[in-house]
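K.L.:
how would this look folded up:
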Amino acid sequence: MNLGKGILIIIFLFIRFVSNAQNLSFTGNVQDGHTKEPVSFASVYLLKSGIGQTSDSAGNFTFSIAHLPSDTLVVSYVGYKLVKIPVNNIKEHSRLIIQLERGLAPNDVFVKVKLNKGLFLWRKIMGKKKQYNRYNLSNFGYEAYNKLEVDFKNFKPQKIKNNFLLKPFSFVLDNIDSTSEKEPFLPAYLLESISDYAYQKKPQKYAENIKATNTKGFTNESISKLLGVMNQNVNIYANFITVMDKDFISPFNENGDNFYIFSVPDTQVIAGKRLFHFVFKPKRSGQNTFEGDAWVIAQTFQIQKISLFLGKDANINFIDRISVFQEFIPINDTVYFLNRDKFFADFRALGKKSLTLIGRKTTSYKNITILSDSLTALFKGQNIEELITTQPGGNKKSDAEWELIRPDTLSVNERAIYTTIDSLLGMQQFKQLRRIMKFAATGYANVGNFLVGPWFNWVSSNQWEGRRYRFDLSTNKGFNKNIFLHSYLAYGNTDKKWKGEVEGYWIINRDPKRSRLHLSYSNDIDRGITHPGDISKDNIFSLAIRKPNTTRKFLQLKEMSLESFNEWGKGFSTEVFLSRRLYTPLQNLPFKNSFPTDKGQPLNNFEIALRLRFAYLEQFIEGDYFRYSLGTTYPVVEISAARGVPGILKSAYAYTKFAVSVRDGIKISPYGTIRYKAFAGKVLGTLPFTLLENHPGNDIYYYDPGTYNLMNRFEYLSDRYGGINIEHNFGSGLFRFIPLTRKLKWRQFWNVKMLWGALSNENNTLNNNGSAFFKTLNGKTYIEAGTGIDNIFKLLRFDFIWLVSPNLENAAKSSRFGIFGSIQFQF
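P.N.:
Numbering: from 1, shown residues only. Predicted coordinates:
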């Protein structure tokens with residue numbers, strides 16, 4: 001065979017191969033695996049042949065190639081892991097949905113230099129920050145549609161089907177979505193709201209009118225208010241972005257170049273506009289920062305869209321991943337305004353394969369107005385900084401009404417959620433399961449029109465009563481929506497005495513200004529100052545380890561009281577008290593005969609008191625009868641005055657009391673949070689210890705933030721006092737520099753409690769009477785200082801506390817130093 005013939009044969013075989021080769025056509029869309037937002041301008045190419053392209057601005061791409069079974073389709077994008085798909089697995093005319101997961105691809109390299117293109121672009125953006133931050137506009141307003149979907153993944157359907165409690169509800173598994181994401185998930189719940197929102201810069205005011213909420217299963221108006229946009233706004237131009245009440249450093253922080261590495265790996269032209277692809281990642285591990293990217297208009301340096309992702313080493317609990325997406329559109333020649341907003345979070349309490357709850361919040365904005373005279377007129381009639389209102393009947397709209405007012409169409413998954421919820425709410429088995437879960441979690445169970453519990457009060461123990469048994473019975477909303485009655489009976493095995501309480505609340509008005517009356521009678525062991533989180537109260541948890549060699553002191557209290565509470569607006573509220581208290585010392589305290597009186601009974605007083613409280617813009621969750629504070633960003637001030645009146649119900653004492661306190665929590669990001677409480681008070685009169693200031697002590701090794709933990713109850717007595725408690729939680733602190741503690745997400749804190757007190761000679765003589773029942777701080781300052789480790793196993797905290805002053809030479813070691821544990825649930 002000559003050379004010419006050989007060439008002809010090769011050409012013939014090649015032409016035949018090509019003519020027999022099958023063309024493969026397919027399309028695809030590249031998405032972020034968490035937010036499902038399209039990834040613009042991702043690289044899509046065949047690994048061996050080198051044929052490739054980039055996805056368009058909507059994440060789409062199209063291929064028509066010769067079918068080469070041995071080749072591989074590769075999709076890559078800066079900040080994401082590579083995705084590889086064998087071409088042989090792609091079907092003709094198919095549409096691929098390619099979901100990219102966050103992580104560095106092999107070719108992702110960030111070069112640190114003194115001045116690079118990314119840093120140059122960041123400085124240009126920062127130069128326009130004030131101009132483009134919407135909160136620097138004189139005013140703006142819009143209508144917002146808020147949607148929050150809750151899904152579950154990493155669940156085992158077969159276990160649900162085999163569980164006798166859950167088997168009746170196995171029909172919900174029909175909604176499992178096994179195609180939208182890599183891992184199947186179960187859509188579980190959906191909340192919707194539509195509201196009108198407005199903002200004014202000077203004087204700064206916010207207003208939101210929630211026009212409609214769709215919250216199947218509950219109609220709590222206070223929760224509806226929290227679902228509005230005022231409590232969920234993310235401002236990417238702010239120095240810090242708040243996530244789960246923690247401040248994360250924004251890429252556009254004034255000092256962002258100290259915390260981030262910036263780069264510009266790509267430039268694109270869309271609709272005649274040149275866009276920079278701006279990418280950022282944390283400089284150091286263990287700091288609360290983001291990674292992500294943005295598309296920035298080259299001519300004006302405005303952000304067109306941005307994606308933020310939680311850094312993998314961020315010190316936050318129970319969160320597997322968080323994603324924030326925002327898109328901006330032009331509303332005139334110079335202003336780009338927020339158009340769409342997404343916030344996705346995966347909550348997981350245990351390991352990687354444990355049940356995961358996915359929260360997906362999406363918000364769309366329309367009817368955007370800026371620099372409007374109508375908004376100026378709106379705010380003229382608003383006297384407080386923030387005002388959230390709900391439209392009457394807004395939480396009772398039918399499905400048909402929602403179809404008319406909803407700006408977006410619900411997906412198949414979202415419609416299935418509502419159908420499932422309607423079915424569950426109608427099932428008796430589901431109602432019974434809810435009752436069981438409520439009883440286990442809260443301790444209370446509804447029985448007809450009554451409420452039994454809490455179960456954790458049923459059994460406790462102390463030295464005076466021995467084993468103590470208690471039973472509580474209350475009314476619920478079925479009895480009366482505005483009247484709450486409660487009583488309990490308790491019995492001690494050792495003292496053989498019955499104790500108890502009867503009380504009633506009448507809620508006169510709930511909104512907008514709350515008012516109520518409270519009447520009570522009790523006869524029980526006095527447990528001192530109680531407050532939220534006090535584990536030493538009358539419950540099963542009081543069986544915790546007590547301090548050794550501590551002399552416990554017991555006091556019987558009979559009390560009748562009438563209290564009137566009224567809100568006056570702008571954060572002001574008052575409480576007026578009428579109370580009669582009769583004390584009987586039981587053990588290790590001066591007895592009644594130590595306090596003889598000319599008139600009335602010893603240790604019997606009648607008191608009229610007034611408490612004024614100021615808590616500006618405090619937020620609450622509303623319960624059936626009681627409210628639960630979510631706090632405020634402003635200081636809380638309380639002032640109280642009381643007058644003792646002798647001669648009423650055999651009362652024996654005339655006196656006057658004054659007290660004032662200020663407390664607040666201040667974020668000093670990125671250096672954590674400082675919380676403080678400053679207080680002072682004075683008691684005028686020569687009085688028994690029951691009417692003086694008994695500084696709160698702690699008899700157990702469970703840390704109590706409201707007490708002096710190295711002090712015992714009834715140890716120190718004052719009639720003039722003042723003090724300050726300070727705690728600084730600064731997150732990872734030094735632990736972020738140690739790989740193990742950074743991985744464990746331990747946190748650091750320090751605290752100090754200082755108390756000044758004095759006791760007059762007359763009160764000292766009356767109460768000690770030649771015996772050392774009580775100590776006084778005359779001329780000395782009591783100081784406890786501590787530090788410790790927080791967030792151990794995401795749950796435990798250990799405090800190491802030293803007594804700095806006074807110097808007690810003969811005191812036991814337990815009075816000079818202590819290690820205290822506590823349990824805290826926090827993100």
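
K.L.:
drop to CA atoms for contacts and neighbour counts, all remaining ones
P.N.:
Will do.

K.L.:
so where's the stretch 351-500 of the chain uncertain?
P.N.:
351 (pLDDT under 70).

K.L.:
where exactly do the strands run in it?
P.N.:
356-370, 386-390, 445-447, 450-452, 459-462, 466-475, 483-492, 498-509 (DSSP state E, counting those that start in this stretch).

K.L.:
try the stretch 51-200 of the chain
P.N.:
Under DSSP E, counting those that start in this stretch, the stretch 51-200 of the chain gives strands at 52-54, 60-66, 72-76, 83-86, 95-100, 139-153, 185-200.

K.L.:
ok so, going back, quick one: which of the strands of the stretch 351-500 of the chain is nearest I51?
P.N.:
Nearest to I51 among those is strand 356-370; the distance by Cα to Cα comes to 36.8 Å.

K.L.:
can you give me the angle that closest one makes with strand 139-153?
P.N.:
Strand 356-370 runs at 160 degrees relative to strand 139-153, counting by axes from the mean of the first three to the mean of the last three Cα atoms, to 10 degrees.

K.L.:
how much distance is there from strand 356-370 to the middle of the chain?
P.N.:
Centroid displacement of strand 356-370 relative to its chain, using Cα atoms, centre = their mean, to the nearest Å, is 19 Å.

K.L.:
next, the angle from that strand to strand 185-200.
P.N.:
30 degrees.

K.L.:
quick check: which helices or strands does strand 356-370 pack against?
P.N.:
strand 139-153, strand 336-347 (3 or more Cα pairs under 8 Å, 6 or more residues apart in numbering; DSSP states H and E).

K.L.:
what mean pLDDT does the first one have?
P.N.:
Average pLDDT, strand 139-153: 87.

K.L.:
got TSV for the strands of the stretch 351-500 of the chain, with mean neighbour count too?
P.N.:
Output for the strands of the stretch 351-500 of the chain, formatted as TSV (neighbours: other Cα atoms under 10 Å):
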stretch	mean neighbour count
strand 356-370	19
strand 386-390	16
strand 445-447	16
strand 450-452	17
strand 459-462	18
strand 466-475	19
strand 483-492	18
strand 498-509	17
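
K.L.:
distance to A207 for the ones you listed - can I get that in CSV?
P.N.:
Shown next, in CSV, are the strands of the stretch 351-500 of the chain (distance: least, Cα to Cα, whole Å):
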stretch, distance to A207
strand 356-370, 14
strand 386-390, 5
strand 445-447, 38
strand 450-452, 38
strand 459-462, 48
strand 466-475, 37
strand 483-492, 32
strand 498-509, 23
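
K.L.:
identify whichever of these lies nearest to F252.
P.N.:
strand 356-370 (22.3 Å).

K.L.:
what number of residues lie near G779?
P.N.:
9 (other Cα atoms under 10 Å).

K.L.:
what strand or helix carries it?
P.N.:
Per DSSP states H and E, G779 falls between elements, in no helix or strand.

K.L.:
local confidence estimate at it?
P.N.:
So, for G779, pLDDT stands at 76.

K.L.:
can you pull the phi/psi pair for it?
P.N.:
Taking degrees, to the nearest 10, you get phi 80, psi 0 for the backbone angles of G779.

K.L.:
now do the residue nearest to it when sequence neighbours are not counted: how many residues are near it, please.
P.N.:
Using Cα to Cα, 6 or more residues apart in numbering and skipping residues adjacent in sequence, the residue nearest G779 is A758, 7.4 Å away. For A758, the count of nearby residues is 20 (other Cα under 10 Å).

K.L.:
now N29
P.N.:
Count around N29 with other Cα under 10 Å applied: 20.

K.L.:
again, but for the one 3 residues further on
P.N.:
Close neighbours of D32, defined as other Cα under 10 Å, add up to 18.

K.L.:
for it, give me its contacts.
P.N.:
Residues in contact with D32 (Cα atoms under 8 Å, 6 or more residues apart in numbering) are P38, V39, Q99, L100, E101.

K.L.:
residues touching the helix or strand hosting S561, excluding its own?
P.N.:
Assigned by DSSP H and E, S561 belongs to strand 554-569. For strand 554-569, the external contacting residues (Cα under 8 Å, 6+ apart) are 464, 513-526, 573-589.

K.L.:
next one: the nearest residue to G647 once chain neighbours are set aside from L578, what distance?
P.N.:
The shortest distance from G647 to any non-neighbouring residue, by Cα to Cα, 6+ apart, is to G600 (6.5 Å). The gap separating G600 from L578 is 18 Å, by Cα to Cα, to the nearest Å.

K.L.:
sorry, back to before: which among the strands of the stretch 51-200 of the chain is found nearest to Y634?
P.N.:
strand 185-200 (19.5 Å).

K.L.:
so which elements touch the closest one?
P.N.:
Right, strand 185-200 is packed against strand 139-153, strand 205-214, helix 373-380, helix 412-425 by 3+ Cα pairs under 8 Å, 6+ apart.
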